[in-house]
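Visitor: I would like to see how this sequence folds:
(one chain, ligands or ions: 2)
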Amino acid sequence: MAVLKWLSICLTLFCQGTAASKPCRWTQFRLGKLNDVSIGLLSDMGGLFPLMCAEENVEQMFPEDLYKNTEGEDVYVVALEAMRYVEQLYNNSLTSVTWNKTELNMFQNVIYRQVQNLELCVVGGVWESSGDGWSVTLKTYFNKLNTVLKEKEHSACAWEIVRKEIRENLVQFKKFIDSRVKL
Ligand SMILES: *[C@@H]1O[C@H](CO)[C@@H](O)[C@H](O)[C@H]1NC(C)=O
Ligand SMILES: *[C@@H]1O[C@H](CO)[C@@H](O)[C@H](O)[C@H]1NC(C)=O
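Guide: Numbering: from 1, shown residues only. Ligands and ions are numbered 1, 2, ... in the order given. The predicted model follows:
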């Protein structure tokens, strides 16, 4: 398969070379793979957006150009900040959701692992907003999602809105990572 062949070439020649130039063993390739797993788990754990939540549904809040506005910023810095917000968001009360608990736990674990590994790639690894445009946008966005959860008292439908939003977020995040893989 062409894709597999490309991946193995990438792994042996290019990706490791890129990673080796940083004091970081966490490759963008690995970050992208785990992100794919997260997207799959988010989709699978609850299936389609439930009809019973249709009335409460809101227009997409995710700003499409968020990751496009990170030019010149280190990919690991952006990724760490983004994944930390996701980790925090899913630290809210999840008692009302009816999703597959195994898949939910797996999702939380993948995000946790990404944060742990990214912390090793970012000097200091500290929780510090860079104050740049994208960083402020990211913070504002996650504040909105936290507000949705709070206002709807962490209801199942509030979490469905969050799941839909984070899925879109991770799809855009994936495009961002792919665009930064240097070949
Ligand atoms: C999750 O919540 C607990 C208890 O409120 C807190 O101790 C912990 O630091 C939080 N974790 C994250 C990643 O926000
Ligand atoms: C939950 O997901 C796991 C892993 O995909 C699967 O093995 C299990 O059958 C699912 N449970 C239910 C109740 O669908």
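
Visitor: Check which helices and strands the longest helix along the chain sits against.
Guide: What stands out as the longest helix in the chain, according to DSSP state H, is helix 156-180. Judged by 3 or more C-beta pairs under 8 Å, 6 or more residues apart in numbering; DSSP states H and E, helix 156-180 is in contact with helix 28-46, helix 75-89, helix 133-151. Placement of C-beta: from N, CA and C, glycine included.

Visitor: Quick one: list the elements packing against the first one.
Guide: What that stands for is helix 28-46. Packed next to helix 28-46, using 3+ C-beta pairs under 8 Å, 6+ apart, are helix 101-121, helix 156-180.

Visitor: and the ones you listed, which is most packed in?
Guide: helix 156-180 (a mean of 19; mean count of other C-beta atoms under 10 Å).

Visitor: what's the angle between that helix and helix 101-121?
Guide: Helix 156-180 and helix 101-121 meet at an angle of 40 degrees, taking axes from the mean of the first three to the mean of the last three C-alpha atoms, to 10 degrees as the criterion.

Visitor: Just checking the distance from helix 156-180 to the centre of its chain.
Guide: 6 Å (C-alpha atoms, centre = their mean, to the nearest Å).

Visitor: Find the closest residue to ligand 2 in this structure.
Guide: Nearest residue of the chain to ligand 2: N100, at 3.6 Å (C-beta to the nearest ligand atom).

Visitor: what about the closest residue to that residue other than its chain neighbours, neighbour count?
Guide: Here the nearest residue to N100 in space, its sequence neighbours aside, is M45; by C-beta to C-beta, 6 or more residues apart in numbering that works out to 4.6 Å. As a burial measure, M45 scores 19 neighbours (other C-beta atoms under 10 Å).

Visitor: what's near enough to touch M45?
Guide: Shown in contact with M45 (C-beta atoms under 8 Å, 6 or more residues apart in numbering): W99, N100, E103, L104, F107, R163.
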